[in-house]
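Student: No sequence on hand, only this structure:
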């Protein structure tokens with residue numbers, strides 16, 4: 001069947017899709033004192049595409065949606081648990097991906113809730129010298145659950161506050177892992193450059209506002 005099929009060109013259709021994407025891609029304004037995670041993912045995508053075919057592993061929650069909607073995969077791979085809700089998935093999956101494809105940049109993108117379900121694996125990064133980059137979107141909330149409780153239960157929150165979280169930069173330093181925290185969009189480019197230039201594991205903590213939605217149209 002394949003041999004008998006004629007090759008078709010879909011250039012007009014592809015060009016039309018590209019034009020529609022350019023027209024409907026939302027622009028997010030910076031918030032003083034906060035990192036917009038959607039703008040961050042776009043900047044990370046642009047910088048990574050200049051250097052290698054990346055593998056991005058998204059955890060569960062708002063970070064998963066921000067990654068899927070704003071990171072352009074040009075020959076790379078996007079690993080996610082989909083709708084299974086397996087919080088803590090990203091770092092273990094990123095470890096495996098980096099061991100399988102050591103020549104590629106591998107990122108684990110997670111929220112502060114999911115990170116605390118597997119942060120002990122930082123020891124594995126160090127023990128086996130696996131240079132995975134860990135990006136933590138910190139809003140001191142179980143963001144997706146908070147968002148649903150806000151919309152469906154009129155802001156009656158239960159079990160979503162993470163104000164007792166540790167200092168993730170100090171935690172990474174305790175393992176001997178280079179790390180930093182950024183709190184403004186103006187810091188994003190330089191921080192990404194330092195992370196990508198590092199030959200070791202790296203932890204980058206992004207302080208994001210607690211009410212940034214997961215859906216683009218919001």
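Tutor: Received the coordinates, thanks. A quick note: this is a predicted structure, and the numbers were derived from the prediction, not measured. Numbering: from 1, shown residues only.
Student: what's the following helix or strand after the least confident helix or strand in the chain by mean pLDDT?
Tutor: Lowest mean confidence among the helices and strands of the chain (mean pLDDT, DSSP states H and E): helix 11-24, at a mean of 88. Counting by DSSP states H and E, the next helix or strand C-terminal to helix 11-24 is helix 37-49.
Student: Packing partners of that next one?
Tutor: Helices and strands touching helix 37-49, by 3 or more Cβ pairs under 8 Å, 6 or more residues apart in numbering; DSSP states H and E, are helix 62-70, strand 106-111, strand 133-138, helix 188-197. (C-beta placed from N, C-alpha, C; glycine too.)
Student: repeat that with 10 Å
Tutor: Applying 3 or more Cβ pairs under 10 Å, 6 or more residues apart in numbering; DSSP states H and E, one finds that helix 37-49 contacts strand 55-58, helix 62-70, strand 106-111, strand 133-138, helix 188-197, strand 202-207.
Student: quick check: angle from it to helix 188-197?
Tutor: 40 degrees (axes from the mean of the first three to the mean of the last three Cα atoms, to 10 degrees).
Student: thought residue 102 was touching residue 130?
Tutor: Yes. With contacts counted by Cβ atoms under 10 Å, residue 102 reaches residue 130, the gap being 8.7 Å.
Student: Ignoring the adjacent residues along the chain, who's closest to residue 125?
Tutor: Of all residues not flanking residue 125 in the chain, residue 201 sits nearest, at 4.2 Å (Cβ to Cβ, 6 or more residues apart in numbering).
Student: can you tell me how far that neighbour sits from residue 39?
Tutor: According to Cβ to Cβ, to the nearest Å, residue 201 and residue 39 sit 25 Å apart.
Student: Looking at these two, which one has more neighbours?
Tutor: Set residue 201 next to residue 39 and count neighbours by other Cβ atoms under 10 Å: residue 201 wins out with 24 against 18.
Student: so what secondary structure elements neighbour the least confident helix or strand of the chain?
Tutor: Using 3+ Cβ pairs under 10 Å, 6+ apart, helix 11-24 sits against no helix or strand.
Student: Taking the centroid of the chain, which residue is nearest it?
Tutor: Of all residues in the chain, the one closest to the mean position by Cα atoms, centre = their mean is residue 109, 3.4 Å from it.
Student: quick one: contacts for it?
Tutor: Applying Cβ atoms under 10 Å, 6 or more residues apart in numbering to residue 109 gives the contacts 37, 40-41, 44, 56-59, 63-64, 66-67, 71, 80, 90, 94, 115, 133-137, 204, 206.
Student: Could you rerun that using 6 Å?
Tutor: Residues in contact with residue 109 (Cβ atoms under 6 Å, 6 or more residues apart in numbering) are 58, 63, 67, 135.
Student: Considering those residues, which possesses the most neighbours?
Tutor: Tallying neighbours with other Cβ under 10 Å puts residue 63 at the head of the contacts of residue 109, with 30 neighbours.
Student: Contact partners for it?
Tutor: For residue 63, the contacting residues are 109, 110, 111, 137, by Cβ under 6 Å, 6+ apart.
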